[in-house]
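A.B. asks: Got a sequence here, can you build the structure:
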Amino acid sequence: MTKKQIGYDTAGTLNLESAMSLEDLERHLLAGLDDQQRGFSRQVDIEGADGQCRASLRYEKFFLATEPRATSEAALLDLIQALQERGYRQLRSRLSFRGKEYFGSLEAWIEYPDIAEPERPRRGLARTLGQFWNRLFDR
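C.D. replies: Numbers count the residues shown, from 1 in each chain. A predicted model of the protein is given here:
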């Protein structure tokens with residue numbers, strides 16, 4: 001493993017000794033609802049190498065990492081969009097660490113609007129009642 005890669009031990013914990021320098025690392029707290037509508041809060045690691053940034057998230061058995069982007073903000077946004085496409089909702093994040101500097105709750109939360117779900121066609125009784133309602137009121 002090179003110094004430009006984030007390393008994880010067998011338990012999935014970030015191993016900083018084999019990872020990149022602390023000055024290049026950002027950590028963001030990400031919270032919201034997962035694809036099963038359970039509340040969650042996890043750390044997002046953003047590593048930088050060769051002028052590019054990559055965001056990664058580990059949640060239960062799930063691991064997601066973005067392609068390298070020009071800025072940490074772009075990498076984080078890519079990660080958010082990928083999670084939203086998988087059904088994650090009500091996502092928000094805030095910077096926790098930049099290098100060795102801890103921000104705690106000093107940084108404001110950044111809220112990410114949910115992507116619009118396509119309207120599902122009504123079926124069965126709901127469709128029949130909807131058609132009846134539309135006819136009744138000439139819509």
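A.B. asks: Name the nearest residue to the most centrally placed residue in the chain, sequence neighbours excluded.
C.D. replies: Centroid-nearest residue in the chain: I80, 3.5 Å away (criterion: Cα atoms, centre = their mean). Spatially, and ignoring its direct neighbours in sequence, I80 is nearest to Y112 (5.0 Å; Cβ to Cβ, 6 or more residues apart in numbering). For glycine as for every other residue, the C-beta is placed from the backbone atoms N, C-alpha and C.
A.B. asks: what's the spacing between the residue nearest to the centre of the chain and V44?
C.D. replies: 9 Å (Cβ to Cβ, to the nearest Å).
A.B. asks: which residues do these two both contact?
C.D. replies: Jointly contacting I80 and V44 under the rule Cβ atoms under 8 Å, 6 or more residues apart in numbering are 30, 93.
A.B. asks: Can you pull the poorly scored residue ranges out of the protein?
C.D. replies: 1-24, 118-123, 138-139 (pLDDT under 70).
A.B. asks: Where do the strands of it begin and end?
C.D. replies: 7-8, 14-15, 26-33, 39-49, 52-59, 62-65, 89-98, 101-102, 110-111 (DSSP state E).
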